[in-house]
Structures are given as C-alpha cells and as structure tokens.
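Engineer: sequence? don't have it. structure:
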C-alpha cells in the first residue's frame, strides 16, 4: 500500500523571491529552439533568395548565349543553344589579345597578392601584439587609407609612375608598364589586408605565444611556427578577396597600361567589345565575358566557405 505524501506548501518568502526574479534576458525562442523571426528577417530572407536566383539566372543565360551566333541571339534571346560549339570561345580568345590579357592578369594578380600577403601578415601580427595606443593609431591610419577613393588620386599616381618609368629608362634603359601596375596594386591593397589580418591575429590567444616563449622560441619563430599556421583561415580569406578585387580592376589598368600586348583581361575585354560590335558577333562577346568571369566564380565556389570562416573568426576582437 502506497501512501502519497502531501506537497510541501510554498512559504511566503519563497513566493516573494519567485516574483522578484526577473525573466531571463535575450531573444525569445520558439519550442523548436529557433530565434523568433522579426519583420526584417521575414522580409530579408525572401529578397535574398530572389536576388540570388536572379543572379544565377543571368549567369546561366550568359554562359548559354556564348554558344549561339548573332542571328540566333537577336531572333530569340532566351532560346537554348542548338549545339555546344566552342567556336565563339576560340574567336574571343584569338581576338583583341584576350589570351595575352588573360596571362597578364594571372601573372600580375598572383604576384601582387603574394606580395601583399607577405607584407601584411607580419605587419598585422606586430600591430595586434604591440602597445595598445600606438597600435590603434597605426591601425586607424590604415583604415583612413581604405577610405581614399582611387579616382581622387589617379592623376598624382599617374604622374608619379611616369617619373619612375622615365628614371628607370634613363638609368637602366628598360621598364615595363606591368611593373607600375603591380606596384600600385600592392600599395592600394595593403591597408585593407593589414586591417583584416590585424583583427584576426587579435582573436588568437596569447597563451600560445607565452608557451612558445617558455620553450625558447624567438618572436619571429613564434610568429612563423605557431601563429602563422593558426592564421591560415584569415590569410586564405584575405587572398581570395584580393584576387577577386584585382582580377576585376579596370581603372588603374586603363591609365597605366598603353601597349596592347601588355593589356590586362578587363582591358582586353573592352577591346573585344569594340571588335565584336562592328562584326555583330555577339556570341563571341558573351564568350569573352565567360572567360573573364568563370575563373573567379570557380575560385569562389571552391573557397567561398573560407571567406565566411575567416571573417567570422577575425571578428572576435
């Protein structure tokens, strides 16, 4: 026989304490554990999906149109190609030096991105571990450099590079316009990269450096062996953003590069537009656009998740 004991009564003090306890702060959650949806989220998510689908549609349309000729494009712009003939890509590659422009862009962008990362990583590490006041002042100087539009300084940059090229010609008898573009790419990309990597290095724990110092590691060895491998997500993120930005850059190339065989890919695409406009070979023009855009899309699909990871980890401090 089981005897059920009566519940213990709640005293007045316990009841008053329960009433005085404030409700927990923070966003309300539904029974399934998700955050409650606000009006901005309810409106933003569908708009984001619509915008993404629209861009994917445009990309697929450009790729499919690259396999069609001009008469088919004007007759029915949204019709599927009859065959996947790569003739338009061959014509675009051989016209207006698009092939040499592709190689020039690969060399210049790869060299500039490598140099920027090699200079930015040590600078960002020193700023993240230096004295707080001086490091913040230098970081703010880099941020101020990010806010200067290139259009505002394009004339001084052009005059400066012309003086350098004249000096090199007079002294050594040789200079290449692509070197001028490479130097400006490095100088203009340093502020953002240093700022991005500084935030990432600040998010790394100092205890690892202290442990390395106890093991007898110098500051440089600690940076190279301990901290640099941990900063790989941030470095990959900075590299991807650099490559995308420099690959699509047009203004500086138009100002500094004048010889046709030294054109970058955006310049060659502009020349291809002029050529295909007079021949009405719009399929070749779309093929040139695909040649310019597809490598960056492939890189982003391959390493796009690293961008989000690097920016998220770097936002810790």
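Structural biologist: Arrived safely. What you are looking at is a predicted structure, and each value in this text was computed from that prediction instead of being measured.

Engineer: ranges for the strands of the stretch 1-150 of the chain?
Structural biologist: With DSSP state E, counting those that start in this stretch, there are no strands along the stretch 1-150 of the chain.

Engineer: Work out for me the element the nearest residue to residue 252 once chain neighbours are set aside sits within.
Structural biologist: Leaving aside its sequence neighbours, residue 252 sits nearest to residue 184 (Cβ to Cβ, 6 or more residues apart in numbering; 5.6 Å). Where C-beta positions appear, they are placed from N, C-alpha and C, glycine not excepted. With secondary structure defined by DSSP states H and E, residue 184 is part of helix 177-202.

Engineer: sorry, back to before: list the residues that contact the residue nearest to residue 252.
Structural biologist: If you count contacts by Cβ atoms under 8 Å, 6 or more residues apart in numbering, residue 184 has them with 157, 161, 252, 256.

Engineer: Find me the pLDDT at it, would you?
Structural biologist: According to the prediction, residue 184 has pLDDT 94.

Engineer: do the same with the one 10 residues further on
Structural biologist: pLDDT, residue 194: 91.

Engineer: Next, count neighbours for it.
Structural biologist: Per other Cβ atoms under 10 Å, the neighbour tally for residue 194 reads 27.

Engineer: so it touches residue 120, yeah?
Structural biologist: Yes - using Cβ atoms under 8 Å, residue 194 makes contact with residue 120 at a distance of 4.8 Å.

Engineer: end to end, how far does stretch 163-179 reach?
Structural biologist: 14 Å (Cα to Cα, to the nearest Å).

Engineer: Off-centre distance for that stretch?
Structural biologist: Offset of stretch 163-179 from its chain centre (Cα atoms, centre = their mean, to the nearest Å): 32 Å.

Engineer: again with stretch 261-276
Structural biologist: The chain centre lies 24 Å from the centre of stretch 261-276; the measure is Cα atoms, centre = their mean.

Engineer: Identify the residues contacting that stretch?
Structural biologist: If you take Cβ under 8 Å, 6+ apart as the criterion, stretch 261-276 is touched by 92, 95-98, 100-102, 104-105, 108, 176-178, 181, 247-250, 253-254, 257, 260, 282, 284-285, 288-289, 291-292.
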